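> Need coordinates for the below:
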Amino acid sequence: MRILFIDDRVHEVVRQWKLSGCGKDYFLIHPEAFISASKTREMVEKQQPDVVVVGYGLGKIGTTGADVIRVLRGSNYAGFVVGNSGDPNQFILDGVELDGMANRNPETLKSVLDNLKERNVV
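Residues are numbered from 1 along each chain as shown. The predicted model follows:
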């Protein structure tokens, strides 16, 4: 599975990925710092990730991870979406359903991705 992180803290994402051991089983699309929802949509259309891992707070006033997910779903992204920071209830209150929550925890990330792999034929 191809994994794309959407986050403003690229160094934390890289650390989480390395500590998780996910690199043995999954392909990490080169992480870039979050710029905008539209730029993210373009990146998703180009890179075709199976899983998008997104933080709730993205360092841009007025834009949350829930906003980004709505943009992606509106452009027909059909892959999995995993929250990586914030309270899962924040996403729910914003009307966004997640396929899992990693909370910047390497072990949790590995577990969530393994569970999604079992649910999907990729």
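
> show me what contacts Glu107?
Counting by CB atoms under 8 Å, 6 or more residues apart in numbering, Glu107 touches Ser20. In this view, the C-beta of every residue, glycine as well, is placed from N, C-alpha and C.

> Ok, Gln16 next?
Contacts for Gln16 (CB under 8 Å, 6+ apart) come out as Asn84, Ala102, Arg104, Asn105, Pro106, Leu109.

> Bridged to the residue nearest the centre of the chain, which residues?
Nearest to the geometric centre of the chain sits Val53, at 1.0 Å (CA atoms, centre = their mean). Bridge pairing for Val53 (DSSP bridges) gives the partners Phe5, Val82.

> Next one: Asp94 from Ala102, what distance?
Distance of Asp94 to Ala102, computed by CB to CB, to the nearest Å: 18 Å.

> Give me the more crowded residue out of the two.
More crowded of Asp94 and Ala102, by other CB atoms under 10 Å: Ala102, with 24 against 14.
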